[in-house]
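[1] fold the following.
(3 chains)
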Amino acid sequence: MPEPLLEVRDLKVHFPTEDGLVKAVDGVSFTLQPGETLGVVGESGSGKSVTFLTVMGLVTTDQAVIEGEVLFRGQDLLKLPKDEMRNIRGSKISMIFQDPMTSLHPFYKVGYQIAEAIRTHQQVSKHEAHDQAVEMLRKVGIPKPEERASQYPHEFSGGMRQRAMIGMALSLNPDMLVADEPTTALDVTVQAQILDLIDRLKAEFNASVVVITHDLGVVAEHCDDIQVMYAGKIVEFGNRRDIYYGPHHPYTWGLLGSISRLDSTSKERLQPIKGLPPSLIFVPPGCAFHPRCPYAFDRCRTDVPELLPVDGHHASACHLSLADKERIFQEEVMVRR
Amino acid sequence: MGRYIVRRLLWVVFVLFVITLITFLIFFVMPPTDPAINFAGRQPTTELVAEVRHQFGLDKPLVVQIGLFYKRIFFGDEYGWPGMGFSFVTRSALKPIILGRLSVTMQLALGAAMMWVLLGIPTGILSALRPRSIFDRLAMGFALIGVSAPVFFLGPLFLYLFWYKLRLAPGSGYYSIGQYGLGTWASHFIMPWIVLALLYAAFYARMTRANLIETMGQDYIRTARAKGLPERRVVFKHGLRASLTPVVTMFGLDLGALLGGAFITETVFNLPGIGAYAIKSVASGDLYAILDVTIIAGFFITFANLVVDVVYAFLDPRVRYS
Amino acid sequence: MGCATRWTQGREDELGGEEVGQDEAWIHESTGFDKGRMKERGEVVTTKRTAKLLALVAVLAVLATACGGEGEGGESETPSVEVTQGGTYRTSAEDFGFTGAFDPTGEYLGSAWGLYTSLLLRNLVTYKHVGGVEGDDIVPDIAESWETSADGLTWTFHLKSGVEWGPPLNRDVTSADVEYAFERINAKSLAAQYGYYYTGVIEGMTGQEKAIKPVSGIETPDDSTIIFHLVAPTGDLLYRLAMPATAPMPKEVAGCFKRAGEYGRYVMSSGPYMIKGQDELDVSSCDTLEPISGFDPTKYIVFVRNPNYDPATDESREANVDGVVITINTNTEDIYNKVLAGELDGTGYPAGEPPAPILRQYLTDPELEDKLKIDSGDRTWYIFMNLLVPPFDDIHVRKAVNFVIDKAALQKAWGGPSHGEIATSIEPPTVLATTAEYDPYATPNHEGDVQAAMDEMKQSKYDADGDGVCDADVCDGVLMINRNYPPFSDMSPVIQDNLAQIGINIKVRELDSSTAYTTDQTVENLIPIAANAGWGKDYADPSTFAVLFLESGISCTGQVNYSEVGMTQAQAEECNVIDAWNAATSNGQNPLPNVDEKFTECNAALGDARTTCWTEFDQYLMEEVVPWAPYLWATVLSTLSDSVTKYEFDQFAGTISYSRIAVDNGLDPNTVPVG
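    I've put the predicted structure just below:
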């Protein structure tokens, strides 16, 4: 196995607030291989975005207590001085965000905003940067990129804006692209186009991609590995097949039940998980998911389950026995699907 | 854009027309006092009042008076163009009085505006960048005092403290730069500028702070950071640009309103500005003076609105007029 | 008559040539005079005995100076000590407050009269520009001497030589200039606000002339002689000729201005001072005239010495200072602080009432004690009652009100004795000396006498059961007009409480000053009672108060006779109050006594008879008509800074006496900043 591009070890991000300590990320470890696409799934508040904002250096020690290691090509990003981290950000690791409507600055032209990213990291003239920006717009499939470059974000449609954001993110040929809910705010038809675009560009730019989503359906066709997060912890990890066809965690089952399919026409088929995500200040003892888990038993209320591998790759954090997991999945979850 | 501006300018003229019309009507329906009786002595005879009323042109039908007023504005009167009429109280042309006073008000307003911008906006920025810091708490504490301390309280207090007691500043009054030199001029303006500016500075500091904090939480700021931009550039290029736009708008409107007269500051510091004159004119029923001042104040406010709207279109590309 | 020939002559003429009773007239006036002087020292006289004693001293003093003062140009009071010369008197006011844009023909503001008579203009006769009753005496100004015909209808004045117009006119003041002033008063278009002192008095004067043209009753046989032909004998003519409107006017400048008030920016000086910049005027034609630069009617007026003034021709002005600078300051408190700080030399062109804390400072700090000057304002503040409106259509109710009012409390509301002496009559004693002794509604300590009030109320038709308390419906919710700011608003509860004791329940309506007056002035409003009004003299003759009760004082929208004394049926009909008039006159006895005849009689009288007549007139009003409950004779408060080395009050104008004060600040009026 080659050296991982990114290795996160026991990452903890705790925000002190007036109400108490918010344990947004509470001991997360994973690796990302070059060229791999990782899906990170979970409800809002599960810590999936904070994890990668921390990796990006956008959550800093000014705001939060951060522990653990974030090794990027073997170098611990958490220990880097701010300026060096800033140099990596945008050039080596890029990120695009959920809402393309608000992610671009409304007062600056789209081409300028891309060129600004380029000029931050490369010594090029304004003119060159602008040309490169136009080229990126062309690559992300924006028609008439020369004209579009001198337009303002509000003159773009939502999908176009997300394309522009992707163009901006990839303009410096990063090793890693973090796409945080890249399609959530978009029309269903546009969602697929954007995901396909990410796929295509990933190949072209030879980058690793992390897709953060609350919707397992989104990552279904595009990810190699998927990790499911709940209350600041990874509760299940596996490849695409593991997660879709043999998930071991009741929370993953719940997520599968609430997949929105591209071919679905009725919202009635969505079965959201009962209850609300837990408070990150007062995390339930034992398994954090137990108050919402229909299969919870005594041990779940006291002991925190570890993330234990089932086989070489697939792992889950649940006290149910393997047999129970397979039986329940077959008899109760699959039936409903 | 050109057509838009022309249309807006016509609108300004129309608004001024309506304002003066309303002022006229108010004056005749609810006169503050009868200027003709004021000018006819303690034991006014009916004939004398009638004569004065005739000389003041107040005996003509209302419609004719209004018509003559507009005619004088557009075509001038015996005192030149534009015809601003004469004062019933001083029985002399209003134009030199009003233009002189307008200039004083401008000196007051522009000086104060400069102060409050230089004081309020940087304070707001520093506070926003370090929320809950000691500086922020102190600055916002002062801002709260500033916002809630009215000029009619601060003005006399400043005069008493810094002039009467401590002799740190010269007393009240206006001393023109041309006649008395820069030093005398400025030293007499310092207190009124500060007193007037404090109120606005406090308001602008709070507004800048609130806007900048809100802007810094916007997604596009996160994008700017994610691009790896230096923090200074994130704040000053991306953050301020968006958060100061409403401040600029506010500034235009505030300045416009202030140019129409800052009567409390003018009265307290004895500055012969247009606001103090407006009050005096109303008290003495000096109709043409009231109308002239109304037009000027109305012009500054409506024109400031227009300027702000046009400037806004340049500042915020999402706004376009056609 | 060996001493003070000129002076004596003046007095004789004033009294119509009758020598009898002169001295007695003096004694009467001196009584009031000394009251005035006492107040000037800040010691308010409250006992009549002191006044009597001082009256004797004053008579001696006056007689002494009448002989000895000759050489010093009529100066009669100040011992001949060296007075500081030069410097500039700087003062401020919130507003000039002119009523006629400073055109002498129309201007009716006392403070403006002070500027005219002390500084700018010289009349045929003038005042001494001092405080107290002496300040109401007439002395020659540009008239050298004058004679009156035996019938009192022809007055001939001989002008002094050497009285010259200031630059750029540089010519002698002539009798034609005096006559021209009357032409202007007589022209309707120039709105002479007190033209009634001349119209119907001097032949040919109607005040209604369409053009400015010669007055038939005035002759100017040569440059130094002017003859007035009167319609009827007029005892106070000299007072009328001392009014600024009659001061000579130069036709070559004034003639360019044919509308009311316009000349106010071009007033040419015949006096010791001129408005700064007058000498720069181009008087070659009307078109080249520009407003005089030293006068900005919303900011300042600067007086500098008139180089053509010859002090030898003037016995009433000292002209100690080099100039007077009056600036407008919109902040009253600031004005007083600037006096305290020495940036102004004093108040005196009346600034608003000193703020209470500042006044307290002057009254309590021994160092400031002599910097506060309290002078008589020749002004009566009063509560008027309307003779047409129940319950005040009954004289006993009006008398009851006079008894029940706690005047001491009202004085307190005004800020105490420094603001005025308790009034016991309509005419202030400084105008009619006999009133100092007179109090028809005396109550213990002026605090009101409920029993006396009830005794009066019992006799009224509104107290059916005779318990001294009004029991009629008309006594409920009686409207009273007042001003909506202190001290007036502080009086409302006092009056309310007082009147409640005799069963009259007052409903107070408080308005701004101007609106309150306009409300009173409209007959149709039938205001039952009001506390907003006051009246000051025009000149020190009782007639200037008595005019308030004439039939002619009633006009439907601009009356001054608020009580409707002597209203005729025709007037009632014209003003739409005939129902009220019928009701008020229905019970047989005429409740609307007419005082016009008595007025005419008194106004024609001269000398001692005049004083007696006015005294009777005043008492008749107070006891038989009872239109008012007068409560305060106001004072004028001025504060001074250390730079003032001599203070004098001008009783005529009610302002500081600009031509007699002295300062040692050494300032040049040309360089004093005026902003």
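[2] got the residues of the stretch 101-250 of chain A near chain B?
    Applying Cβ under 8 Å from any Cβ of the partner chain, we find that the stretch 101-250 of chain A lies next to chain B at A:102-108, A:116-117, A:120-121, A:152, A:154, A:165, A:168-169. Where C-beta positions appear, they are placed from N, C-alpha and C, glycine not excepted.
[3] and those residues, which two are furthest apart?
    Maximum pairwise distance among those (Cβ to Cβ): 26.8 Å, between A:His121 and A:His154.
[4] low-confidence ranges, chain C, go.
    C:1-81, C:587-591 (pLDDT under 70).
[5] who's sitting farthest from the centroid in it?
    Distance from the C-alpha centroid of chain C, by Cα atoms, centre = their mean, peaks at C:Asp465 (45.5 Å).
[6] residues contacting that one?
    With contact set as Cβ atoms under 8 Å, 6 or more residues apart in numbering or on different chains, C:Asp465 has these partners: C:Asp471.
[7] try A:Val235
    Counted by Cβ under 8 Å, 6+ apart, A:Val235 has contacts A:Val228, A:Met229, A:His249, A:Tyr251, A:Thr252, A:Phe289, A:Leu307, A:Ser316, A:Ala317, A:Cys318.
[8] neighbours of the fourth one, how many?
    Residues near A:Tyr251, counting by other Cβ atoms under 10 Å in any protein chain shown, number 27.
[9] the last one too?
    Burial of A:Cys318 is recorded as 25 neighbouring residues (other Cβ under 10 Å).
[10] and it, how far from chain C?
    A:Cys318 sits 81 Å away from chain C, going by Cβ to the nearest Cβ, to the nearest Å.
[11] can you tell me the SS state at that residue?
    Under DSSP: H, G, I helix; E, B strand; the rest coil, the three-state class of A:Cys318 is coil.
[12] can you tell me how far it is from A:Ile243?
    14 Å (Cβ to Cβ, to the nearest Å).
[13] now do the shared contacts for those two.
    With Cβ under 8 Å, 6+ apart as the test, A:Cys318 and A:Ile243 both reach A:Glu236.
[14] one step back: which of the contacts of A:Val235 sit farthest apart?
    The distance between the two most remote of the contacts of A:Val235 (Cβ to Cβ) is 14.1 Å, for A:Met229 and A:Cys318.
[15] any residues touching stretch B:300-310, and which ones?
    Contact with stretch B:300-310 is made by B:1, B:5, B:8-9, B:11-12, B:15-16, B:248-249, B:252-253, B:255-257, B:259-260, B:321, as judged by Cβ under 8 Å, 6+ apart.
[16] ok, now stretch C:667-675?
    Here stretch C:667-675 has contacts from B:173-176, B:180, B:184, B:270, B:272, C:87-88, C:90, C:276, C:299-300, C:302-304, C:321-325, C:327, using Cβ under 8 Å, 6+ apart.
[17] filter those residues down to the buried ones.
    B:173-176, B:184, B:270, B:272, C:87-88, C:90, C:276, C:299-300, C:302-304, C:321-325, C:327 (16 or more other Cβ atoms under 10 Å in any protein chain shown).
[18] in helices, which of these fall?
    Judged by DSSP state H, these include B:Thr184 as members of helices.
[19] ok, whichever residue of chain C sits closest to chain A - contacts?
    Relative to chain A, the nearest point of chain C is C:Thr330 (45.2 Å; Cβ to the nearest Cβ). Residues near C:Thr330 by Cβ under 8 Å, 6+ apart: B:Glu266, B:Thr267, B:Val268, B:Asn270, B:Ala276, C:Glu94, C:Asp95.
[20] tell me, please, the helix or strand in chain A that averages the lowest pLDDT.
    helix A:334-336 (a mean of 68; mean pLDDT, DSSP states H and E).
[21] A:Ile226 falls within a strand, correct?
    Yes. Counting by three-state DSSP, A:Ile226 is located in a strand.
[22] and C:Glu107, helix, strand or coil?
    Per three-state DSSP, C:Glu107 ends up coil.
[23] C:Ala245 versus that one, what's the distance?
    Remark: distance between C:Glu107 and C:Ala245 (Cβ to Cβ) = 8 Å.
[24] ramachandran coordinates for the nearest residue in space to C:Gln651 that is not next to it in sequence?
    Closest residue to C:Gln651 apart from its sequence neighbours, by Cβ to Cβ, 6 or more residues apart in numbering or on different chains: C:Gly135 at 2.7 Å. Here is the backbone geometry of C:Gly135 (degrees, to the nearest 10): phi -70, psi -10.
[25] any idea how far chain B is from C:Gly135?
    From C:Gly135 to chain B the distance is 21 Å (Cβ to the nearest Cβ).
[26] for C:Val577, same thing?
    Per Cβ to the nearest Cβ, C:Val577 is found 17 Å from chain B.
[27] so which residue is dead centre in chain A?
    Note: chain A centre (Cα atoms, centre = their mean) maps to A:Ile212, 2.0 Å.
[28] great, nothing more from me.
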